[in-house]
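Q: can't give you the sequence, but here's the structure:
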């Protein structure tokens, strides 16, 4: 079954604007409607909003937590993974997904974007970071105009064998 | 929901005897019958047998993988977590559970037993390691006579708030 | 003694241009001249060049390796740390330093920059990434014009108690 | 140089008896006398005593810390490595050594013994854990009668290429 269901990470700040929360909730809802499992860091803000959206459509929500305590998971996380490895868990969040949707976000989100790109996992962005290297723009983050487009791009890039 | 479902880890060798596989499969089956989610390291041997048993009863199976590749998960893992942190993932396997059932096992399993005991997570043993410290027996591993007893002890020790 | 010596990380690609190698070697040399210890990821490219420079001036070189094998360290690493946790070691590279100098670099370097900024560790950049968030430039990476300026800025930002 | 100097880990409780502290200090002293670098978890108890002993003979002391803060290192640690990965750092402590000397210890020490044996790194024991598996004694931990014997065994088992 691991090879059948699609796993998509939604990343963003543990605190976020109401607009970001709205985007995240729509992304979560659409992922669930299309049958994908949601992977996230399990905490508040964008993560909680995405889990809330996915839950409202009966989707699976996985929260990969940094700390030692499963009680830190937001209340919409069904599968809490307790890593105890702090922010090194950011690596596991993105590697556990086949595509990543980034919404807003601070430096933690930027580290996840970087780890995903390093691992060849596609990143779709909604109002998030943009990058340039040595003065040249780096276009690796695929921009999306809205949550449904973000989900459609993400799922189209996952080809399960 | 994180606070409702019980999460139990089954640990043991990625290669195992047919007797250990039989024990693991029964443990997995019984966990699923009693509605608990199975957490494991996601690979072969005891992990695969436990996932097979749980799947046969419609249970949830979570595999926390050491490597970079979700394809390494055994075919009964429904939720593959790709950590990329090698054997340091052993810590996450036990911390993601509320009780641990150890079946046989080699040094990797011993490390998981130790991490669980260090974290105050109860360990139930079936034909596994026994410990003594400075010549004094350490009775922290709770012995079980059979798979059903192991599951019953494990679940009785988890009190979800 | 941990509170006396200054620890500075030099980050950059494991493959790099000859210009980047030259910058890294000068940074390493200057760090050693000023008595700072060099922390890096222990591999080739920018890391090796920085270690070479530091060694030439009798400096201390620490290489925090991703894999399982100390033999992967470049030949100028005096203190190899073998983490076995893959790219999650990027977190340890920056957290083990009191300031970070980034030279060129790919997505791995970007993840280290992000982890450093998330932890409040200053980042000085030489021909490296630049960032903007939601269309607004993020000026957290402090630009330096040359290796000696990069080292001077880094050391000026470390105030050992 | 990584291939020249020998790196030996000393593991044991962050709280320990005065007898264990005395053993650890002697081990540290002897390692330094014989030119080996000391690797440990960087905290108190056995770790601090070993670092104190090594420092008294001018040895190199490396502390691989679980937390986010270099100030947690004991005052004899010269090279603090700040991992931020919690007890998963136990893996890095043993993998960064070519042999391990265990003194007393609790479950954290047991996890380090297990990770070392899993990685094929020899473990020498002074009043520490003993193991049996499925009722059969496991003799992988090499017993030593005193600190000097422990160091001699450890160094004899490291053959640098």
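A: Noted; the coordinates are in hand. This is a predicted model, so every value here is computed, not measured.
Q: give me the next element, helix or strand, following the longest helix along chain A.
A: The longest helix of chain A (DSSP state H) is helix A:18-33. Once the chain leaves helix A:18-33, the next helix or strand it forms, by DSSP states H and E, is strand A:37-40.
Q: do that next one and chain B meet?
A: Yes - Strand A:37-40 reaches chain B (Cβ under 8 Å from any Cβ of the partner chain) through residue A:37. Any C-beta I mention is one placed from the backbone N, CA and C, and that applies to glycine too.
Q: re earlier: quick check, the longest helix of chain A touching chain B?
A: No - looking at helix A:18-33 against chain B by Cβ under 8 Å from any Cβ, there are no contacts, and the closest approach is 14.2 Å.
Q: now stretch A:87-98
A: Yes - against chain B, stretch A:87-98 shows contacts by Cβ under 8 Å from any Cβ at A:88, A:91, A:92, A:95, A:96.
Q: shouldn't the last one be in contact with residue A:8?
A: No - look at residue A:96 against residue A:8 with Cβ atoms under 8 Å: they stay out of range, at 10.1 Å.
Q: just the buried members of the residues of stretch A:87-98 next to chain B?
A: Listed as buried from those are A:88, A:91, A:92, A:95, A:96; burial here means 16 or more other Cβ atoms under 10 Å in any protein chain shown.
Q: nearest to chain D among those residues?
A: residue A:88 (5.0 Å; Cβ to the nearest Cβ).
Q: how close does the residue nearest to that closest one when sequence neighbours are not counted sit to residue A:91?
A: The spatial neighbour of residue A:88 that comes closest, neighbours along the chain excluded (Cβ to Cβ, 6 or more residues apart in numbering or on different chains), is residue C:88 at 3.9 Å. Counting by Cβ to Cβ, to the nearest Å, the gap from residue C:88 to residue A:91 is 5 Å.
Q: what does chain A have sitting close to chain B?
A: Residues of chain A lying close to chain B (Cβ under 8 Å from any Cβ) are A:1-3, A:5, A:7, A:37, A:60, A:62-64, A:68, A:70-71, A:73, A:75-85, A:88, A:91-92, A:95-96, A:119.
Q: where do the strands sit along chain A?
A: A:7-12, A:37-40, A:61-65, A:79-82, A:99-103, A:123-126, A:129-133, A:136-138, A:142-143 (DSSP state E).
Q: so what strands line up beside the fourth one?
A: Yep, that's strand A:79-82 we're talking about. The pairing partners recorded for strand A:79-82 under DSSP bridges are strand A:61-65 (parallel).
Q: can you give me the buried ones in the partner strand?
A: Within strand A:61-65, the residues scored as buried using 16+ other Cβ under 10 Å are A:61, A:62, A:63, A:64, A:65.
Q: surely the fourth one meets residue A:81?
A: Just to be clear, that refers to residue A:64. Yes - judged on Cβ under 8 Å, residue A:64 makes contact with residue A:81 at a distance of 4.6 Å.
Q: touching both of these two, which residues are there?
A: Common neighbours of residue A:64 and residue A:81, using Cβ atoms under 8 Å, 6 or more residues apart in numbering or on different chains, are A:42, A:92, B:81.
Q: which one of these is nearest to residue C:112?
A: Closest approach to residue C:112 among the shared contacts of residue A:64 and residue A:81 (Cβ to Cβ): residue A:92, at 17.1 Å.
Q: distance of the closest residue to the closest one other than its chain neighbours relative to residue B:96?
A: Excluding the flanking residues, the one nearest residue A:92 by Cβ to Cβ, 6+ apart is residue B:83, at 4.5 Å. The spacing between residue B:83 and residue B:96, counted by Cβ to Cβ, is 11 Å.
Q: overlap in contacts, residue C:88 and residue A:91.
A: Contact criterion Cβ under 8 Å, 6+ apart; residues shared by residue C:88 and residue A:91: B:84, B:85.
Q: return the member of the shared contacts of residue A:64 and residue A:81 nearest to residue D:105.
A: residue A:92 (28.7 Å).
Q: right, and that closest one touches residue B:86 too?
A: No - using Cβ under 8 Å, residue A:92 is not in contact with residue B:86; the gap is 11.9 Å.
Q: so what's residue A:108 up against?
A: The contact partners of residue A:108, by Cβ under 8 Å, 6+ apart, come to A:13, A:14, A:41, A:87, A:90, C:114, C:118.
Q: again, but for residue A:104
A: For residue A:104, the contacting residues are A:12, A:13, A:16, A:17, A:20, A:23, A:46, A:126, A:127, A:128, C:134, by Cβ under 8 Å, 6+ apart.
Q: disregarding residues adjacent in the polypeptide, which is nearest to the last one?
A: It refers to residue C:134. residue A:127 (5.2 Å).
Q: separation between that neighbour and residue A:105?
A: According to Cβ to Cβ, residue A:127 and residue A:105 sit 9 Å apart.
Q: so which of these two has more stuff around it?
A: residue A:105 (27 against 18; other Cβ atoms under 10 Å in any protein chain shown).
Q: so, low pLDDT: which residues of chain A?
A: With pLDDT under 70 as the threshold, chain A has low-confidence stretches at A:1-3, A:160-161.
Q: around chain D, pick out the residues from it.
A: A:68, A:84, A:85, A:86, A:87, A:88.
Q: go through those and name the one nearest chain B.
A: residue A:84 (5.0 Å).
Q: touching, that closest one and residue B:92? I think so.
A: Yes - the criterion here is Cβ under 8 Å, and residue A:84 meets it with residue B:92 at 6.7 Å.
Q: shared neighbours of these two, anything?
A: Going by Cβ under 8 Å, 6+ apart, residues that sit against residue A:84 and also against residue B:92 are residue D:88.
Q: and the nearest residue to residue A:25 once chain neighbours are set aside, how many neighbours?
A: In this structure, residue A:25 finds its nearest non-sequential neighbour in residue A:53, 3.8 Å apart by Cβ to Cβ, 6+ apart. Neighbourhood size, residue A:53 [other Cβ under 10 Å]: 28.
Q: can you check residue A:66 too?
A: 24.
Q: may I have the residues that are in contact with it?
A: By Cβ under 8 Å, 6+ apart, the contact set of residue A:66 is A:41, A:43, A:83, A:85, A:86, A:87, A:89.
Q: please flag which of those residues sit within helices.
A: Filtering these for helices - DSSP H - leaves residue A:89.
Q: can you name the residues that contact residue A:144?
A: Counted by Cβ under 8 Å, 6+ apart, residue A:144 has contacts A:101, A:124, A:125, A:126, A:150, A:153.
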